[in-house]
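*Asks:* predicted model follows, preceded by the sequence.
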Amino acid sequence: MRESIEYNEEKTKKLAIHFGEILNQIGEDPTREGLLKTPERQAKAMQFLTQGYDINPDTIIEQAIFHEEYSEMVIVKDIDIYSMCEHHILPFFGKAHVAYIPNGKIVGLSKIPRVVDAYSRRLQVQERLTLEIRDCIQRTLNPKGVAVVIECSHMCMQMRGVQKQNSATTSSAFTGLFMKNDATRKEFINLVQAKLH
Ligand SMILES: [Zn+2]
């Protein structure tokens, strides 16, 4: 994430107490040198990784809407995703690819990665994350169609040996022309897979 955040002192203290207790419970010694500041660091890390709760993704888009007659597919590829699964509170991360077909309104391109961040920096499941990004863009821009594809590696599967190393989970969600029109959806998938850089 690009921006830094203000840490809430009260919240940091409370979280640190609990993280300290977790260290105890897993058999660690929270008073040894390397762990002395760990509860506080973890408290801050957790606030950073869940800062999306304090961000309204609709507002990010609404503040950067421009009226344009452009009506070709707009696509933002390879957006970094860092999130945490709500079942294990372990990271999942990968890439998002987002496209929309404008219907009189476009949005500043940098805003789409910020919407992805706002929904990723919460406890999530990849499927809901995919739908939330799609629905936010549909709701705010009212385009002729939205497409979202997300590919992520889930540490709760890989580190626990549930799934083979390096395997990724892909999810997708579409509205409008991407749903109705096979050729439009294929064009999007081809653009996502093309190596233009
Ligand atoms: Zn999980």
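*Replies:* Perfect, I can see it now. Predicted, not measured: the structure shown is a model, and the values here were computed from it.
*Asks:* if you skip the residues just before and after it, what's nearest to the most centrally placed residue in the chain?
*Replies:* By C-alpha atoms, centre = their mean, the chain has its centre lying nearest to residue 120, at 2.6 Å. Computed as C-beta to C-beta, 6 or more residues apart in numbering, the closest residue to residue 120 that is not its neighbour in sequence is residue 83, at 4.1 Å. Placement of C-beta: from N, CA and C, glycine included.
*Asks:* was I right to think that neighbour contacts residue 122?
*Replies:* Yes. Applying C-beta atoms under 8 Å, one finds residue 83 in contact with residue 122, separated by 7.4 Å.
*Asks:* neighbour count winner among those two?
*Replies:* Shown here are residue 83 and residue 122; by other C-beta atoms under 10 Å, residue 83 has more neighbours (26 against 19).
*Asks:* tell me the confidence at that one?
*Replies:* Residue 83 is assigned a predicted lDDT (pLDDT) of 98.
*Asks:* one more: residue 3?
*Replies:* 58.
*Asks:* and what of the one 3 residues further on?
*Replies:* Residue 6 is assigned 85 on the pLDDT scale.
*Asks:* count the neighbours of it for me.
*Replies:* So residue 6, with other C-beta under 10 Å, has 7 neighbours.
*Asks:* since that was my last question, I'll sign off now.
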